[in-house]
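A.B. asks: Based on what follows, work out the 3D shape:
(2 chains)
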Amino acid sequence: MRVYGRFGRIIALSATAGLLAAAAGCSGSDSTEDGDRKTFVFGASDDPKTLDPAYVSDGESFRVIFQVYETLVALKPGTTEVVPSLATDWTVSDDGLTYTFNLAKGVTFHDGEAFNATAVCYNFDRWYNFKGAQQNGDISYYWQTIFGGFATRDSDSAPESSRYASCEATEDSVATLRLTQPSSALLSGLVLPAFSIASPKAIEEGGTDITVTGDSIAYSGGFGTKVVAGTGPFKFVSWDRGERLILDANENYREGRPQLDQVIFRPIADATARMQALQAGEIDAYEGVAAADIEAVKNVGQVVERPAFNVGYVGMNQKVPLLQNRKIREAIAYALNREGLLKAAYPEGAEVANQFLPPSQWGYNSAITGYSYDPERARQLVAESGETNLTVEFWYPANVSRPYMPNPQAVYESFAADLEKVGFTVVPKTVPWTPDYLQSIQADGKGQLFLLGWSGDYADPDNFVGTFFRETTAQFNLTDPGIQGLLNRALAETDQATRQKQYEEVNQLIFDYIPGVPFVHNRPLLALGKNVVGYQPSPVSLEYFKIVNIEG
Amino acid sequence: MSTPEQVAATRPTGGDEAIGSPRPTRGLRSDALRRLRRNPMAVVGFTLILIFVGVAVFAPWIAPYSPKDNSWLSEVRPGAYPGPSAEHWLGIDPLGRDVFSRLVYGARQSLLIGVVSLAVGATVGVGIGLLAGAFGGWVDTVVMRLVDIMLSVPGLLFAIAIAAMLGQSLTSVMIAIAVVNIPIFARLLRGEMLGQRAADYVLAARSLGISRAGIVFRHVLPNSFTPVIVQGTLTLALAIVEAAGLAFLGLSGSDPSAPEWGRMLTDAQVALTSAPQLALYPGLAIVLAALGFTLLGESLREALDPKLRR
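C.D. replies: Sure thing, here's the model as predicted:
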């Protein structure tokens, strides 16, 4: 130090002071308790794509949107039960074509605009009038799932007809929704964040342009990225992509101000890094705890599980001659040691699946049992099948973790060994999850045997079995009038008791046909900090931060 | 340091009489062999290689189970993998397979990749080196600049790029490692040949009217070959490590359940805190196999070095 002289010392001192101040500033910004303010930091695996609800279908975007916006009807926390939200009550006409929603009064959007029936219908009309790239299946996925097509059909992949007829603001606080054909899944579907009601002013001021180049979508409009206004318990503050997205409590929330003052979403791609961030106290929660990490997380916080509302399965493409032989399909069902795999590599709550519907979903057929692990029976069926060339490709995705399949490669290795034991020759095929795997399996139908699964979006059996088998999909290539006819009838049926019977029956048909072997209903795990209370895990991964609090 | 060679080399007179050998001169080969036998480093290296090759060749007889047999899946729980027992000498892996059997079969894979990639790399490299060394002139310039370019890219990075380009297969891994070795052999042989070309015996042969091809193949090449043999042994060690490295990075055969040391390391990563032994075994196997070839290679280099020869 001496060489600097007096002047140098002063500079050095002030530099040190500056560094200290900077360090203090850094450590303060993310801490759970910033003075008296309660901040809840969620370690997400990625940034949201955009906060324009109508443009997204992914979990990371939904998680944020779910806190900022509200839908007409919502879910009771921790369940799939539909409860009032922006609509306080509603009536459905006998023909199932007219839905009349009575709306909550005195509600304002975050930008100060009034929430009313005109605003609701503005949103519905906006979705129905999507054009061009907006009709891309990746962008308006849920509109197409629940309502079908659009006012004009600009994309060959868009559905030809629409179930949506009109939305009318019959009174200031009464919105009347009319359909062209009944859909039993409508109310369950309307809870999806994709049907969030946004401020019309924000939508118009922000702009909703998108540009699609190849597989990539650019959300160039300001709505959802800069201008965000819903009616939810938290309002948008700022978004520094790759760093953090900040929400503040909405002081005027219709149910009263939430307990948390601030919510921060931090994208951390690596699961191990998320665990380390939780250990270091940098985040208060993350999802996707690996089975082997449970103990480590419990040392610093809590592990909570979501109800099993998903299914992982080994699909069998009916395009493949070998798999058209039912004896072979049955042999595969008996050959797979599903229970052994789940016990060895899945968290404790994972259940062996025997149908494509999770047990908590009505329509599940509890009379179905069977295809338990029996390699001897499998060998016998293979011999009876008359097939001589038992070579089959088995596809699995690389470098990805899904709620129903934390480690696809382990599942593959385990099942491939099971199949080889009974005489099959398994050829492994693997590509990265997005876009290659989904494209190969779901669009191009390249899979023979393949690993895939589904996490339920809303509580309707059609969301599971309907998605897979109602129409002939590239992944299964299943054409069976019995199964498909019944699924179509069940979707249009308006009597709940009849519907339930129909789905139970269809599950038996699917079980007998074996278009694939469902193997797991997993309970995805969430990690929470020690002092987090009120976090209610949701079967459909939609968790309300408005009921979360931080104690101590 | 007192390795036998160095001690012998510093003696004023030859050590032959001292150990009672009556022959005043001997051929390079037998001389080298004698040096090797006396070198503990070489003996250890040779023993390691013998074990490695033996295990690889006789894997089906040594391994108690098939490497893919997952019959013990029911004994495994997340984060808790059964350790060594009488039935499973090194325990069971997270997918219910016998670790010892996988390790034994893994030797096979390593040896196969090592030998094939060495054979291909050395053959092509020697061919290129021969071309440059025999012709000289512009051929030499062009070939050697290409070799220089190849050498300027770090080996493993080069191998990764090639393996990634060729796609997931064992062949592409072998090609990748072979290609990395080509410039090393080419440069080595060419340098050695240039040195030999100016030697007196070559001049003598030329003055006797022996054809250029005759001189290259009958005189220069055989005399330039010893360093290639040494390099070959060392390269095997490198190939084993490189193959494991590529497998660790996910570049290996398309079958993820194939028993491969590098892949076993990758798979052990997720359970590193709960079952570190799963990473230790393949790691140790890689180190020992590579060490065997390195020790033998280094001893060979010393034994064959004419400067140390008396």
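
A.B. asks: For the rest of this, base every contact and every neighbour count on C-alpha atoms.
C.D. replies: Will do.

A.B. asks: Between the two ends of stretch A:147-159, how far is it?
C.D. replies: Chord length of stretch A:147-159, first to last residue, is 9 Å (C-alpha to C-alpha, to the nearest Å).

A.B. asks: make that stretch A:257-269, sorry
C.D. replies: 32 Å.

A.B. asks: from the middle of its chain, how far away would it be?
C.D. replies: Centre-to-centre, stretch A:257-269 and its host chain are 19 Å apart (C-alpha atoms, centre = their mean, to the nearest Å).

A.B. asks: Show me the shaky parts of chain A.
C.D. replies: A:1-35 (pLDDT under 70).

A.B. asks: Now do the residue of it found nearest chain B against residue A:493, distance only.
C.D. replies: Residue nearest to chain B within chain A: residue A:344 (4.3 Å; C-alpha to the nearest C-alpha). According to C-alpha to C-alpha, residue A:344 stands 42 Å off from residue A:493.

A.B. asks: go on, residue B:93?
C.D. replies: With C-alpha to C-alpha as the criterion, residue B:93 and residue A:493 are 51 Å apart.

A.B. asks: likewise residue A:103?
C.D. replies: As judged by C-alpha to C-alpha, residue A:103 and residue A:493 stand 27 Å apart.

A.B. asks: Between these two, point out the one with more neighbours.
C.D. replies: Comparing residue A:103 with residue A:493 by other C-alpha atoms under 10 Å in any protein chain shown, the one with more neighbours is residue A:103, at 24 against 18.

A.B. asks: Any chance you could note which residues of chain A sit beside chain B?
C.D. replies: Proximity of chain A to chain B, by C-alpha under 8 Å from any C-alpha of the partner chain, involves residues A:291-292, A:340-341, A:343-347, A:409-410, A:413-414, A:417-418, A:421, A:427-429.

A.B. asks: For ChimeraX, write the select line for the buried members of those residues.
C.D. replies: Burial among those is assessed by 16 or more other C-alpha atoms under 10 Å in any protein chain shown; the matching ChimeraX selection reads:
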select /A:291,292,340,341,343,344,345,346,347,409,410,413,414,417,418,421,428,429
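
A.B. asks: quick one: which of the residues of chain A next to chain B sit in helices?
C.D. replies: A:340-341, A:343-345, A:409-410, A:413-414, A:417-418, A:421 (DSSP state H).

A.B. asks: Turn those into a markdown table, including distance to residue B:255.
C.D. replies: Conversion of these to a markdown table gives the following (distance: C-alpha to C-alpha, whole Å):
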| residue | distance to residue B:255 |
| --- | --- |
| A:340 | 21 |
| A:341 | 19 |
| A:343 | 24 |
| A:344 | 21 |
| A:345 | 20 |
| A:409 | 10 |
| A:410 | 12 |
| A:413 | 9 |
| A:414 | 12 |
| A:417 | 11 |
| A:418 | 15 |
| A:421 | 16 |
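
A.B. asks: helix or strand for the residue most central in space within chain B, which one?
C.D. replies: Centrality entry for chain B: nearest residue to the mean C-alpha point is residue B:236, 0.9 Å, by C-alpha atoms, centre = their mean. Element membership of residue B:236, judged by DSSP states H and E, is helix B:226-248.

A.B. asks: what's the helix or strand just after that helix packed up against?
C.D. replies: Heading C-terminal from helix B:226-248, the first helix or strand you meet, by DSSP H and E, is helix B:261-269. The elements that helix B:261-269 packs onto, with contact taken as 3 or more C-alpha pairs under 8 Å, 6 or more residues apart in numbering or on different chains; DSSP states H and E, are helix B:99-135, helix B:226-248, helix B:277-304.

A.B. asks: Please list the residues outside the shortest one that contact it.
C.D. replies: Right, helix B:226-248. B:110-111, B:113-115, B:117-118, B:122, B:156, B:159-160, B:173, B:177, B:181, B:185, B:188-189, B:252, B:260-266, B:286, B:289-294, B:296-298, B:300-301, B:304 (C-alpha atoms under 8 Å, 6 or more residues apart in numbering or on different chains).

A.B. asks: Now do that helix against helix B:277-304: the angle between them, please.
C.D. replies: Counting by axes from the mean of the first three to the mean of the last three C-alpha atoms, to 10 degrees, helix B:226-248 lies at 170 degrees to helix B:277-304.

A.B. asks: What segments of the stretch 151-300 of chain A are strands?
C.D. replies: Along the stretch 151-300 of chain A, the stretches classed as strands by DSSP state E, counting those that start in this stretch are A:164-171, A:174-179, A:211-213, A:216-218, A:234-240, A:244-249, A:262-267, A:285-287.

A.B. asks: possible to save those strands as CSV with mean neighbour count?
C.D. replies: Formatted as CSV, those follow (neighbours: other C-alpha atoms under 10 Å in any protein chain shown):
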stretch, mean neighbour count
strand A:164-171, 18
strand A:174-179, 21
strand A:211-213, 12
strand A:216-218, 12
strand A:234-240, 20
strand A:244-249, 20
strand A:262-267, 24
strand A:285-287, 25
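
A.B. asks: can you tell which of these is closest to residue A:370?
C.D. replies: Nearest to residue A:370 among the strands of the stretch 151-300 of chain A is strand A:285-287; the distance by C-alpha to C-alpha comes to 32.5 Å.

A.B. asks: since we're on the residue in the stretch 1-150 of chain B positioned nearest to chain A, how many residues are nearby?
C.D. replies: When scored by C-alpha to the nearest C-alpha, the stretch 1-150 of chain B has residue B:77 as its residue closest to chain A, at 4.3 Å. For residue B:77, the neighbour count with other C-alpha under 10 Å is 23.

A.B. asks: wait, what's in contact with it?
C.D. replies: Residue B:77 is in contact with A:343-345, B:94, counting by C-alpha under 8 Å, 6+ apart.

A.B. asks: Over to residue A:212?
C.D. replies: Neighbouring residues of residue A:212 by C-alpha under 8 Å, 6+ apart: A:133, A:218.

A.B. asks: what do you get for the one 10 residues further on?
C.D. replies: Residues counted as contacts of residue A:222 (C-alpha under 8 Å, 6+ apart) are A:205-208.

A.B. asks: try residue A:520
C.D. replies: Counting by C-alpha under 8 Å, 6+ apart, residue A:520 makes contact with A:311-313, A:338, A:342, A:350-353, A:404.
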